[in-house]
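Enquirer: Requesting a structural model of the entry that follows:
(chains A and B)
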Amino acid sequence: NAGVTQTPKFQVLKTGQSMTLQCAQDMNHEYMSWYRQDPGMGLRLIHYSVGAGITDQGEVPNGYNVSRSTTEDFPLRLLSAAPSQTSVYFCASTFGLSTEAFFGQGTRLTVV
Amino acid sequence: GESVGLHLPTLSVQEGDNSIINCAYSNSASDYFIWYKQESGKGPQFIIDIRSNMDKRQGQRVTVLLNKTVKHLSLQIAATQPGDSAVYFCAEKVSGGYNKLIFGAGTRLAVHP
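Expert: Numbering: from 1, shown residues only, chains lettered A, B, ... in the order given. So this is what the prediction gives:
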């Protein structure tokens, strides 16, 4: 099994550009989430989904949109990139109410 | 992917020594507390969890202690190995039916031969 796959691994955007970070999991997990990780800080929850068609906001949702049309995919959209969104982004999936989240390898995003 | 660990507190230990990584939490309503390990260039990886009604849980070479009186969580690693070098995060699972995890800032563990 591939687990959680994120693409791309690296991305540079100009301020104002939009893009979608892809996340796919092949473990049939209901729960998926997006985090951002900044220097000296832990992971902060952006958005999460408890199943196909259901999404909700986390701690830092502003500037990001998500959708969950299938169990496998949970893309994160940046509507108009800003330098403050320069970060490393991680997608994770969890089975049921388990505390064990499976993380992807991350996407390093730089907004110039 | 990348481990983002600048400006983190660092614990330096000698190979073979025991390590203790500490974490203070704030949400008394959390029903689980979890430790994750993040190696350079990788996403976080689950190590061990402890339910809020317990005060100690042991795994393979690791022990987690929970002190709810002072809202303190610790991870003890026995006989620390070079492969244990990583950033360690504590996390709280917010009670309420969904798997929302709130992460701490992290501690870097550096193991020296």
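Enquirer: Only C-alpha atoms from now on, for both contacts and neighbour counts.
Expert: OK.
Enquirer: Can you show me the strands along the chain?
Expert: Using chain A. Under the criterion DSSP state E, chain A contains strands at A:4-7, A:10-13, A:19-25, A:31-37, A:43-51, A:54-57, A:64-66, A:76-78, A:87-94, A:102-103, A:107-111.
Enquirer: I was after chain B.
Expert: With DSSP E applied, chain B shows strands at B:10-14, B:19-24, B:32-38, B:45-51, B:56-58, B:62-67, B:72-77, B:86-93, B:101-103, B:107-112, listed in chain order.
Enquirer: What residues does chain A have near chain B?
Expert: Residues of chain A that fall close to chain B, judged by C-alpha under 8 Å from any C-alpha of the partner chain: A:9-10, A:31, A:37-45, A:50, A:88, A:90, A:94, A:97-108.
Enquirer: how many other residues sit next to B:Gly41?
Expert: Using other C-alpha atoms under 10 Å in any protein chain shown, B:Gly41 has 12 neighbouring residues.
Enquirer: can I assume it is in contact with A:Arg108?
Expert: No - with contact defined as C-alpha atoms under 8 Å, B:Gly41 and A:Arg108 do not form a contacting pair (10.3 Å).
Enquirer: Please pull out the lowest mean pLDDT helix or strand from chain B.
Expert: For chain B, using mean pLDDT, DSSP states H and E, the weakest element among its helices and strands is strand B:101-103, scoring a mean of 89.
Enquirer: For that strand, which helices and strands make contact with it?
Expert: Secondary-structure packing of strand B:101-103 (3 or more C-alpha pairs under 8 Å, 6 or more residues apart in numbering or on different chains; DSSP states H and E): strand A:43-51, strand B:86-93.
Enquirer: Repeat the analysis, applying 7 Å as the threshold.
Expert: Packing partners of strand B:101-103 (3 or more C-alpha pairs under 7 Å, 6 or more residues apart in numbering or on different chains; DSSP states H and E): strand B:86-93.
Enquirer: angle of the strand it packs on against strand B:107-112?
Expert: On the basis of axes from the mean of the first three to the mean of the last three C-alpha atoms, to 10 degrees, strand B:86-93 is oriented at 150 degrees to strand B:107-112.
Enquirer: hang on, the earlier thing: mind checking which of the residues of chain A next to chain B are buried?
Expert: Among the residues of chain A next to chain B, those classed as buried by neighbour count (16 or more other C-alpha atoms under 10 Å in any protein chain shown) are A:9, A:31, A:37-38, A:41-45, A:50, A:88, A:90, A:94, A:99-108.
Enquirer: distance of B:Met54 from A:Leu21?
Expert: Computed as C-alpha to C-alpha, to the nearest Å, the B:Met54 to A:Leu21 distance reads 39 Å.
Enquirer: again but with B:Pro82, I slipped
Expert: According to C-alpha to C-alpha, B:Pro82 and A:Leu21 sit 34 Å apart.
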